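> could you work out the structure for the sequence below:
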Amino acid sequence: MKVENKVIAYIHPTAVISPGAKLGKDVKIGPYAVVGEHVTIGDGTQVMAHAVLTGWTGIGKDCIIYPGAVIGSEPQDLKFKGEKSYVFIGDRTTIRECATIHRGCGPESETRVGNDCLLMAYTHVAHNCLVGNNVIMANSAMIAGHVVVEDRVVIGGITGVHQFVRIGRNAMIGGASKLVQDVVPYTIVDGHPAKVSGLNNVGIARAGISIEARRNIKQAYKILYRSGLSLSQAIVVIEQEVDSCDEIEHFLRFLRNAERGICRGRKDNE
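Numbering: from 1, shown residues only. All right, here's what the predicted structure looks like:
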């Protein structure tokens, strides 16, 4: 075990810390926690009882990892052959009880969770997922391999997300939903399979998006979901009729790259 800056707040005597692990200053390791040979833990992070950090795993600063969480274990993918791959967790992220985050499948691949995230109890982040900043996953939400979750997304409890799905920034997913297609930024989706029910106005406002940009998002949303146009037609009309801003440019980039298709609206909301 290598201790950075020679300052450790607390390591319980029953914790199992491999000699190759690297711990930052003021790290706390609870009873019976396990920290593997290739694990790096940033300053101020707390690892509670019975948590397991294994594989090539990097944990950021000031994180809290609750009892029973397992981070960095092998992916649940039959293609995995024991290759070296990674998990990276950003700063100030909270990982609650019994959550699981698996490392990448494929040599030098990675699974990544950003800064200031909250992963509640029994959530699962599979191999090769990219989870942005300020993401909340409620209890028992599960995302399959290669899923991309952009910044400030909220995923409701007991939600299942199909592999390779992308969830756009500031989107909100209702509890117990089934996602098999991409979720357009700034929208609310819900159902089995999930359908769009409107804009995530509260999330957009909390993100500090300007009033003008919010108007643009609302206009783009109406063109996409209320005009009866195909996706390709809607993209053209948005490009022509909606004032450009960072949020609209992101909206359009997302639509252009929606390889799985997008969650569509409910019939009574079209």
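> what about the strands in the stretch 101-250 of the chain?
Counting by DSSP state E, counting those that start in this stretch, residue ranges of the strands within the stretch 101-250 of the chain are 110-113, 118-119, 124-125, 130-131, 136-137, 142-143, 148-149, 154-155, 160-161, 166-167, 172-173, 178-179, 187-191, 194-199.
> okay if I get those strands as TSV plus mean pLDDT, mean neighbour count and distance to Arg206?
Every C-beta, even on glycine, is put in place using the N, C-alpha and C of the backbone. Listed next are the strands of the stretch 101-250 of the chain as TSV, based on pLDDT from 0 to 100; neighbours: other Cβ atoms under 10 Å; distance: least, Cβ to Cβ, whole Å:
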stretch	mean pLDDT	mean neighbour count	distance to Arg206
strand 110-113	98	22	21
strand 118-119	99	23	15
strand 124-125	99	26	23
strand 130-131	98	21	19
strand 136-137	98	24	12
strand 142-143	98	20	22
strand 148-149	98	22	17
strand 154-155	98	24	10
strand 160-161	98	22	22
strand 166-167	98	26	17
strand 172-173	98	26	11
strand 178-179	98	18	22
strand 187-191	98	22	14
strand 194-199	97	20	13
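> could I get those as TSV with distance to Pro67?
Formatted as TSV, the strands of the stretch 101-250 of the chain follow (distance: least, Cβ to Cβ, whole Å):
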stretch	distance to Pro67
strand 110-113	19
strand 118-119	14
strand 124-125	17
strand 130-131	22
strand 136-137	18
strand 142-143	20
strand 148-149	25
strand 154-155	22
strand 160-161	25
strand 166-167	28
strand 172-173	26
strand 178-179	29
strand 187-191	31
strand 194-199	32
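> quick one, which of the ones you listed gets closest to Tyr10.
Judged by Cβ to Cβ, the one of the strands of the stretch 101-250 of the chain that comes nearest to Tyr10 is strand 118-119, at 23.5 Å.
> chain center to that closest one: distance?
Here strand 118-119 is found 9 Å from its chain centre; the criterion is Cα atoms, centre = their mean, to the nearest Å.
> that strand pairs with which strands, and in what direction?
Taking DSSP bridges as the criterion, strand 118-119 forms sheet pairs with strand 94-95 (parallel), strand 136-137 (parallel).
> now do the last one: everything it contacts.
To tie it back to what came earlier, the one meant is strand 136-137. Applying Cβ atoms under 8 Å, 6 or more residues apart in numbering, the contact partners of strand 136-137 are 117-120, 123, 125, 143, 153-155.
> and stretch 202-222, by the same measure?
With Cβ under 8 Å, 6+ apart, stretch 202-222 has contacts from 152, 154, 170-172, 186-187, 199, 201, 238, 241-243, 245-248, 251.
> good, wrapping up.
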